[in-house]
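In: Could you look at this predicted model? Sequence included:
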Amino acid sequence: HIVIDIKTNDKPDEANQPLLKVARLLNLLEMGKVPRKQVKIICVFQNLAAFAAMDDRRYEDKYKVANPNTPIFKALEKAGVQLFVCGQSLRAREIDAKKLNKPIKVALSAITLITTYQLRGYALLSL
């Protein structure tokens, strides 16, 4: 059980590197023969990473490229990863919560989501 804190979106024209690490983690767990049903991963995007959560149209309006994270979001969702974005980060960056990629849900805040899952026994991984 892992809660992953993603804070950066350094190269908007490329897939988010921390998000790719989440995909690699899933692959490593599978290679290690960890049953998928035992893997519980929660990701939360905050700070500048909140921009990565925007739907394709809004992302393209901002960065002039299609959102390179969309296929990764879909694959992670299919693998059972829960994806959230910090509501406070959305507000601070004036991102409309109704204009997010479909698999992503809004959390009240990254802080409350992370601490709640830590109290439930999840390990914290900051990327």
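Out: Yep, that arrived. A quick note: this is a predicted structure, and the numbers were derived from the prediction, not measured.

In: Give me the distance between the two termini of stretch 41-50.
Out: End-to-end span of stretch 41-50 (C-alpha to C-alpha, to the nearest Å): 18 Å.

In: to the chain's geometric centre, what's the distance from it?
Out: In terms of C-alpha atoms, centre = their mean, to the nearest Å, the centre of stretch 41-50 is set 5 Å apart from its chain centre.

In: can you tell me how far the residue lying farthest from the centre of the chain sits from residue 123?
Out: With distances taken as C-alpha atoms, centre = their mean, the residue sitting farthest from the centre of the chain turns out to be residue 33, at 24.0 Å. Distance of residue 33 to residue 123, given as C-beta to C-beta, to the nearest Å: 20 Å. Bear in mind the C-beta positions are built from the backbone N, C-alpha and C, glycine included.

In: Distance check, residue 101 against residue 67.
Out: 7 Å.

In: Please enumerate the helices of the chain.
Out: 17-31, 56-63, 70-78, 87-92, 110-119 (DSSP state H).

In: any chance of these in CSV, with mean neighbour count too?
Out: Shown next, in CSV, are the helices of the chain (neighbours: other C-beta atoms under 10 Å):
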stretch, mean neighbour count
helix 17-31, 15
helix 56-63, 15
helix 70-78, 16
helix 87-92, 18
helix 110-119, 16
